[in-house]
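S.K.: My questions are about this predicted structure, shown below with the sequence.
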Amino acid sequence: CRVHTRSSPSSDSLINAEIWMPQSNWSGRYYQLGNGGFSGVIHYSSMVPLLQAGNAVAITDDGNQSKGLNASWALNHPEKMIDWGYRALKTTRDNAKASINAFYGAEPNYAYFSGCSTGGRQALVAAQRFPDDWDGVLAGAPSSLWQFLGFAWNQQALGHDPASQIPAAKLPAIQQAAFAHCKASARVIEGIAADPRLCRFDPVSLVCQGEETDQCLTETQAAALEKVYAGPRHPQTGEQIYPGYEPTLETGWSPAIIPDDSGKVWQNFYANQFFANMVFDHVEWDFKTSSLNNNFNALQKKRIAGETLAAVFGTDAKPNLSSLEKRGGKLLMYFGWGDAIVAPQSGIDHFESVSNSLGSQRTQAFYRLFMVPGMAHCAGGPGVDAFAQPFGLPPLTDTAEHSITRALEAWVEKGIAPDSIIAAKYKNNKPEEGVVMTRPLCPYPQLAAYKGSGNTKEAANFTCVKGVHP
């Protein structure tokens, strides 16, 4: 049964959603999927596997019809920003609940939210703002409004002065230098560091000693690279506002951070769209003429319906998951160490904030984080990236051993906490062409360590061990 809903919780709202329900063999589960970018589209293809597995499934365009390419819909439309922030998520959940009840004569036995990027942010909104609605939440690389501040910071560092621009042709040399500085505890296997934070180095070491080539940096380029690694800090207190990006995976920075051959830079585009349409309400705003201090202050001061932007978008600095814990809900988060959109450290910061508040034992009982070596944003990159995550490839087997989705179900429904998930890398990213390697994903702060014998491309020859904090 296919249901299309249109909701207008405010006079300036138009929220589209699709709700699909299998006619027979319903699993009793309801899945709601998150979106990407600035939303504005319903990803039908992402609904199909969950429907075929016997689940009721829904997704919304989050209250705009931009196809995720821009945020112009938000300019002087605060109600649409609320829809995008959290209201479309809740409206769709309530409509789906009513539709499922009408179709089956029963409510779902279990309700799950699953998303990556913007969908990962929405997953945290589900866990924090609407904990009573969800039994399990899967949050991949959750975006936040602070990342846009980081985008502007990076692009100012790299583009404010033309001499600071780093050509994509220099990224391999930068990556090679990072690997040369990896500590043994980074556990580099098959050209992939289990923890890239243990490979940080001073970009000054790459400054050209003679004529500039693609194997070295100018002094201004080295200074810009250091800013990208460091991330923005509070102009007055020096406190970290948003993390920098990690070494050893720099060749994946183009076109996210570094321009590609056409001059396209994703962070440039998204920073301008966010600040122009959601913060400053000025379509001509440009990061090149802004400052970190002004951008930070504007983010803090902006209010919508009496709430800060951080509250509306669900990206508060100190997340509160105590209600989800008390309800018995479970949260799994995953992050690719090679993510050049959402800084990987931001996922660790979120997890550690909760752990510092509730204690490690309580946190691990309902919330686990899996850092994925070599994976890019949500999927892709040189590392393993197939474990049934949103926007990802199918797992080796549709079981809790290989699928993070099934692992979440097993945790929620059977009380079996995931101690590892075996992810795969397919040849040319095509499952039909065979498996290149497998590797266990370990719950943070553990990481995968080679046992010392056997094929380094097989997960069976790795084990999860305690990591070393940089």
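M.R.: Yep, it's here.

S.K.: excluding its backbone neighbours, what's nearest Ala276?
M.R.: Leaving aside its chain neighbours, Ala276 sits nearest to Trp285 (4.0 Å; criterion: CB to CB, 6 or more residues apart in numbering). To be clear about C-beta, it is placed using only N, CA and C from the backbone, and glycine gets the same treatment.

S.K.: OK, contacts around the one you found?
M.R.: By CB atoms under 8 Å, 6 or more residues apart in numbering, the contact list for Trp285 reads 272, 275-276.

S.K.: Near Thr251, how many residues? Count them for me, please.
M.R.: Thr251 has 18 neighbouring residues, counting by other CB atoms under 10 Å.

S.K.: now Ile174: how far from Gln221?
M.R.: 10 Å (CB to CB, to the nearest Å).

S.K.: One more: Gly238?
M.R.: Distance of Gly238 to Gln221, given as CB to CB: 24 Å.

S.K.: Looking at the two, which one has more neighbours?
M.R.: Per other CB under 10 Å, whichever of Gly238 and Gln221 has more neighbours is Gln221, with 24 against 8.

S.K.: you'd agree that one is up against Ile166?
M.R.: Yes. Assessed by CB atoms under 8 Å, Gln221 is found in contact with Ile166 at 5.1 Å.

S.K.: Not counting its own residues, what contacts stretch 74-91?
M.R.: Taking CB under 8 Å, 6+ apart as the rule, stretch 74-91 contacts 7, 9-13, 15, 17, 32, 38-39, 60-64, 73, 113, 122, 125-126, 129-130, 133, 276-278, 281, 283, 304-305, 312-314.

S.K.: of those, buried ones?
M.R.: Among those, the ones that count as buried by 16 or more other CB atoms under 10 Å are 7, 9-10, 13, 15, 17, 32, 38-39, 60-64, 73, 113, 122, 125-126, 129-130, 133, 276-278, 304, 312-314.

S.K.: Which of those residues fall in strands?
M.R.: Among those, DSSP state E puts 7, 15, 17, 32, 60, 113, 304 in strands.

S.K.: Any chance of TSV for the residues you listed, columns pLDDT and distance to Ser262?
M.R.: Below are these laid out as TSV (pLDDT from 0 to 100; distance: CB to CB, whole Å):
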residue	pLDDT	distance to Ser262
Ser7	98	39
Ile15	98	35
Ala17	98	35
Gln32	98	36
Thr60	98	32
Phe113	98	36
Ile304	95	35
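
S.K.: Looking at the residues you listed, spot the one nearest Cys182.
M.R.: Nearest to Cys182, judged by CB to CB, of those is Phe113 at 36.5 Å.

S.K.: What distance do you get for the residue nearest to the closest one when sequence neighbours are not counted to Ala139?
M.R.: Distance criterion CB to CB, 6+ apart; nearest residue to Phe113, sequence neighbours excluded, is Ala126 at 4.2 Å. Going from Ala126 to Ala139 by CB to CB gives 9 Å.

S.K.: related to what we said a few turns ago, which of the buried ones among the contacts of stretch 74-91 fall within helices?
M.R.: Counting by DSSP state H, those place 122, 125-126, 129, 312 in helices.

S.K.: between those residues, which is nearest Ala194?
M.R.: Gln122 (29.1 Å).

S.K.: that older thread, shared neighbours of Ile174 and Gln221, which are they?
M.R.: Residues touching both Ile174 and Gln221 by CB under 8 Å, 6+ apart: 166, 203.

S.K.: helix/strand/coil for Thr220?
M.R.: helix (DSSP: H, G, I helix; E, B strand; the rest coil).

S.K.: Secondary structure element holding the nearest residue to Ser403 once chain neighbours are set aside?
M.R.: Distance criterion CB to CB, 6+ apart; nearest residue to Ser403, sequence neighbours excluded, is Ala388 at 3.7 Å. Per DSSP states H and E: Ala388 is located in neither a helix nor a strand.

S.K.: any idea how far Ala388 is from Gly140?
M.R.: 11 Å.

S.K.: Repeat that for Tyr367.
M.R.: The value you get for Tyr367 to Gly140, if CB to CB is used, is 14 Å.

S.K.: do Glu307 as well
M.R.: Glu307 is 25 Å from Gly140, by CB to CB.

S.K.: So for those two, which residue has more residues nearby?
M.R.: More crowded of Glu307 and Gly140, by other CB under 10 Å: Gly140, with 31 against 14.

S.K.: residues near the spatially closest residue to the more buried one that is not a sequence neighbour, how many?
M.R.: With sequence-adjacent residues excluded and distances taken as CB to CB, 6+ apart, Gly140 is closest to Cys116, at 3.2 Å. Using other CB under 10 Å, Cys116 has 30 other residues around it.

S.K.: Repeat that for the one 5 residues further on.
M.R.: Look at Arg121: counted by other CB under 10 Å, it has 26 neighbours.

S.K.: Spit out the contact partners of it.
M.R.: The contact partners of Arg121, by CB under 8 Å, 6+ apart, come to 34, 115, 142-144, 313-315.

S.K.: Repeat the analysis, applying 6 Å as the threshold.
M.R.: Arg121 makes contacts with 142-143, as judged by CB atoms under 6 Å, 6 or more residues apart in numbering.

S.K.: distance of Ile82 from Tyr31?
M.R.: Counting by CB to CB, the gap from Ile82 to Tyr31 is 24 Å.

S.K.: same deal with Phe113?
M.R.: In terms of CB to CB, Phe113 sits 8 Å off from Tyr31.
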